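Asker: sequence and predicted structure below; questions after.
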Amino acid sequence: MQKSIAESDILDEFRRGSHSVYKLTYRVIFVTKYRKKVITDEIGDFMKNYAAYLCGRMNSELIS
């Protein structure tokens, strides 16, 4: 039986092990003490770039 394109796209989102199929999604939220605005645009860009670098090393994907 042939899979449709939509089914194939959905299945490509999952990782496969020898006895498992999975998709892990994490959400990370940084909250500073007293909610002070200490994460400037420059620091935010650095954090995004470093997170993308780490994801690349772990064969993962940074969604946003």
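Answerer: Structure's in. What do you need?

Asker: quick one: low-confidence ranges for the protein?
Answerer: Within the chain, the ranges that satisfy pLDDT under 70 run 1-11.

Asker: where along it do the helices fall?
Answerer: 5-12, 41-57 (DSSP state H).

Asker: for the longest one, the distance to its chain's centre please.
Answerer: Read that as helix 41-57. Centre-to-centre, helix 41-57 and its host chain are 12 Å apart (CA atoms, centre = their mean, to the nearest Å).

Asker: then stretch 53-64?
Answerer: The answer for stretch 53-64 is 6 Å, by CA atoms, centre = their mean.

Asker: how about stretch 35-44?
Answerer: Worked out by CA atoms, centre = their mean, stretch 35-44 lies 21 Å from the chain centre.

Asker: name the residues of that stretch that are buried.
Answerer: Within stretch 35-44, no residue counts as buried by 16 or more other CB atoms under 10 Å. For glycine as for every other residue, the C-beta is placed from the backbone atoms N, C-alpha and C.

Asker: show residues contacting that stretch.
Answerer: 30, 32, 47 (CB atoms under 8 Å, 6 or more residues apart in numbering).

Asker: try it again with 10 Å
Answerer: 30, 32, 46-47 (CB atoms under 10 Å, 6 or more residues apart in numbering).
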